[in-house]
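Undergrad: Provided below for reference: sequence and predicted model.
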There are 2 protein chains.
Amino acid sequence: MAAATVRRPGGPADKDLPVAVDAMGGDKAPGEIVAGAVQAAGELGVGVVLVGRPEEIGDAGGLEVIEATEVIAMDEDPAQSVRRKKDSSLVRAAEAVRDGRALAMVSAGNTGATMASALLRMGRLPGVVRPAIATPVPRPGATPTVLVDAGANAECTAAMLVQFAQMAAAYVSARYGVEEPTVALLSIGEEPTKGTPLVKEAHTALEAAAGVRFVGNVEGRDLLPGTADVVVTDGFTGNVALKTLEGALRFFMDALAEVLGRDDATRQAAEALLPHLAPLAADFDPDNTGGAMLLGLDGVCVISHGSSSARAVVSAVRVAHDVAVGGLVGRLAGSVSSVSAAG
Amino acid sequence: MAAATVRRPGGPADKDLPVAVDAMGGDKAPGEIVAGAVQAAGELGVGVVLVGRPEEIGDAGGLEVIEATEVIAMDEDPAQSVRRKKDSSLVRAAEAVRDGRALAMVSAGNTGATMASALLRMGRLPGVVRPAIATPVPRPGATPTVLVDAGANAECTAAMLVQFAQMAAAYVSARYGVEEPTVALLSIGEEPTKGTPLVKEAHTALEAAAGVRFVGNVEGRDLLPGTADVVVTDGFTGNVALKTLEGALRFFMDALAEVLGRDDATRQAAEALLPHLAPLAADFDPDNTGGAMLLGLDGVCVISHGSSSARAVVSAVRVAHDVAVGGLVGRLAGSVSSVSAAG
């Protein structure tokens, strides 16, 4: 592991640094998380360091372990737990990134606490008002639509939405190689006059925003399949929309599985269909998406879903490593407009 | 048709009055709308009157026609069009209800203009701050979850959300026979401390609200299948959530249809599955739900979806007739708390 160095905000990442994986976070931690970390190191040929309680991690498969004696549970209050549990795996993982000992962090734990740890330890990029969560919504046959903010900020200003759009556009370019990604604003009609005062103000601001190829408003039905590369909204609406999609996905998958298993005839039909359904199921398997990205911090933080399997951890480590090496933080730092005027 | 009478607000409906159907509203108007109206009259044995241009309606199948020379298009500005087109089918249909010549109105036309016509001509019930749209979300094997507000009011106060909850609970009781329906608040976490200031305030207010069996916050993933009989939210969030669900539904139906039709083997599998999939598809066919209900007006107004077929019109007429005869308006009038204090 590299020695601690002083990084300048948004500075280049050392690609030889390991990705720090919070071994204690997630419904299947530490078992699946450790297995995924080991698998990631082997399959991807990238450095991985585990963060957590050595006695619970057990066999680390040859990976280095940053010891942390405390664990923040999935249901703990984010701000309080991060303040109190200074030796938690989440806080230590964020410190490793801050101190230049890790390239990026990955956690499948408490989302709010992951955000709080990353924010408090890594800090915001200069000029960024608030960090936001960018979550990919699959588009079969194309790069995902990235929804931002998917839940970090229940209350937003138009200036914040503009920064979210700018950062998400930079992220989509960095991660998916999309040049000048299209950006849409989530509303309840295509007309600029529809929606809340926030949405109307954001619409006007996005039309004038640097680095944003704004294509206007979209509605909830334009999220799947997404009609734009980035869909920007406040964290309340984004969280509701994303969870509504997740719920609908699960409902249909469950309903279809129930029908396919109903009797001999349907089970036979299922055998004929499964090879055709499998790619669709894979597209929507959250273990494959690589997780959500926290945008606006001086470091890379990937939030994997709570029920992450080993495979989800591999995806998350791959994404964290790739975007960190690709200079995501520097690109984000250069993407945002000053909000001194807009507040 | 009965002669015009003076009704008192929330007074009982005359069950012999016809349901007024806007013959000109909807993507398939007037053909499918007229066919549905004729079918409804025959199948349901209820009175139906068409409203629109006689020359476009053509053969009214023996139904009476209230002549209206103007038509409000699907994409016209709601407030402006209703103000200017005083002889439009939408305005005339609302007037027929106001004047005691119709039991209720049904339209598959411009949603905003339908609301505006109904609001301006029927008026609000005493004490109601703002009317809201209540939309059923199917729950296979159970009564639907009713989402309110599904889009009438982009901006809401906590007092408005309380009234929406009270009216929707009364509506669910009247329409589905559910006694003391459960009411949940849409948020981004179950904790009362999560969400926007509006949601936090509404949470507290709903705990104390008369006539509301409040079961706390739910998240987007609790919409399908719904965990409560009523889910209350502001009209912006509700519209985004509902359209997100609709989009996901269409996406999965299309994806499944594509897979089932891919080759001979999948088409054979489809034959075995269709009898099992049909009930599920029927549950989610918007032509079967009977449409959305405008709550808070001194009259019954059912908003059917824009692409309504004849069958959707039959469903909507049935619902409009049943809830009007069942005394929905009176129940709604008695359901709402005064907001003099809450503003």
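TA: That came in fine, so what should we check first?

Undergrad: Please export the C-alpha coordinates of stretch A:94-106 as CSV.
TA: Extracted in CSV, the C-alpha atoms of stretch A:94-106 (Å, rounded to 0.1, in the frame of the first residue of the first chain):
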residue,chain,number,x,y,z
ALA,A,94,-13.5,7.4,3.8
GLU,A,95,-10.3,8.4,5.6
ALA,A,96,-8.2,6.0,3.6
VAL,A,97,-9.4,7.9,0.4
ARG,A,98,-8.8,11.2,2.0
ASP,A,99,-5.3,10.3,3.2
GLY,A,100,-4.3,9.0,-0.2
ARG,A,101,-4.1,5.4,0.9
ALA,A,102,-7.0,4.3,-1.2
LEU,A,103,-8.1,5.2,-4.7
ALA,A,104,-11.8,5.0,-3.9
MET,A,105,-14.3,3.5,-1.5
VAL,A,106,-17.1,1.1,-1.9
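
Undergrad: Relative to residue B:195, how far out is the closest residue to residue A:156 other than its chain neighbours?
TA: Closest residue to residue A:156 apart from its sequence neighbours, by C-beta to C-beta, 6 or more residues apart in numbering or on different chains: residue A:234 at 4.0 Å. For glycine as for every other residue, the C-beta is placed from the backbone atoms N, C-alpha and C. Distance, residue A:234 to residue B:195, by C-beta to C-beta, to the nearest Å: 11 Å.

Undergrad: And chain A, split by domain according to the record?
TA: By the assignment in automatic domain parsing, chain A contains the domains A:1-128+A:296-343, A:136-287.

Undergrad: Hmm, residue A:54 and residue A:34 touching each other?
TA: No - using C-beta atoms under 8 Å, residue A:34 is not in contact with residue A:54, being 11.0 Å away.

Undergrad: the more surrounded of those two?
TA: residue A:34 (25 against 14; other C-beta atoms under 10 Å in any protein chain shown).

Undergrad: can you list the domains of chain A in CSV and add mean pLDDT?
TA: As requested, the domains of chain A are exported to CSV (pLDDT from 0 to 100):
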stretch, mean pLDDT
domain A:1-128+A:296-343, 91
domain A:136-287, 96
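
Undergrad: Dump those into a markdown table; add distance to residue B:75 as well.
TA: Formatted as a markdown table, the domains of chain A follow (distance: least, C-beta to C-beta, whole Å):
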| stretch | distance to residue B:75 |
| --- | --- |
| domain A:1-128+A:296-343 | 32 |
| domain A:136-287 | 9 |
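
Undergrad: closest one to residue B:119 among those?
TA: domain A:136-287 (17.8 Å; C-beta to C-beta).

Undergrad: Can you measure across the closest one, start residue to end residue?
TA: Domain A:136-287 has an end-to-end distance of 12 Å (C-alpha to C-alpha, to the nearest Å).

Undergrad: next one: stretch A:138-157
TA: 27 Å.

Undergrad: which strands and helices sit next to the helix or strand where residue A:36 lies?
TA: Element membership of residue A:36 [criterion: DSSP states H and E] is helix A:31-44. Counting contacts by 3 or more C-beta pairs under 8 Å, 6 or more residues apart in numbering or on different chains; DSSP states H and E, helix A:31-44 is packed against strand A:19-22, strand A:48-52, helix A:310-325.

Undergrad: Put together JSON lines for these, with distance to residue B:308 on each row.
TA: Listed next are these as JSON lines, based on distance: least, C-beta to C-beta, whole Å:
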{"stretch": "strand A:19-22", "distance to residue B:308": "51"}
{"stretch": "strand A:48-52", "distance to residue B:308": "56"}
{"stretch": "helix A:310-325", "distance to residue B:308": "43"}
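
Undergrad: tell me the most buried of these?
TA: strand A:19-22 (a mean of 33; mean count of other C-beta atoms under 10 Å in any protein chain shown).

Undergrad: Of the helices and strands packed on helix A:31-44, which is nearest chain B?
TA: Counting by C-beta to the nearest C-beta, chain B lies closest to helix A:310-325 out of the helices and strands packed on helix A:31-44; the figure is 18.2 Å.

Undergrad: ok, residues contacting that closest one?
TA: A:13, A:15, A:19, A:21, A:32-33, A:35-37, A:39-40, A:43-44, A:46, A:48, A:103-106, A:108, A:171, A:174-175, A:286-291, A:293, A:300, A:302, A:304-305, A:308 (C-beta atoms under 8 Å, 6 or more residues apart in numbering or on different chains).

Undergrad: Let's verify residue A:100: helix, strand, or coil?
TA: Here residue A:100 takes the coil state, with states given by DSSP: H, G, I helix; E, B strand; the rest coil.

Undergrad: can you tell if stretch A:195-204 touches chain B?
TA: Yes - judged by C-beta under 8 Å from any C-beta of the partner chain, stretch A:195-204 and chain B are in contact via A:195, A:196, A:197, A:199.

Undergrad: Look at the last one and say how many residues are nearby.
TA: Spelled out, that is residue A:199. For residue A:199, using other C-beta under 10 Å, the count is 24.

Undergrad: So which elements touch the helix or strand hosting it?
TA: For residue A:199, the host element (DSSP H and E) is helix A:197-208. Using 3+ C-beta pairs under 8 Å, 6+ apart as the contact test, the elements touching helix A:197-208 are helix A:158-176, strand A:182-186, strand A:213-218.

Undergrad: would you turn these into a markdown table with distance to residue B:85 and mean neighbour count?
TA: A markdown table is the format used below for those (distance: least, C-beta to C-beta, whole Å; neighbours: other C-beta atoms under 10 Å in any protein chain shown):
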| stretch | distance to residue B:85 | mean neighbour count |
| --- | --- | --- |
| helix A:158-176 | 35 | 25 |
| strand A:182-186 | 31 | 25 |
| strand A:213-218 | 26 | 20 |
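
Undergrad: Okay then, goodbye and thanks.
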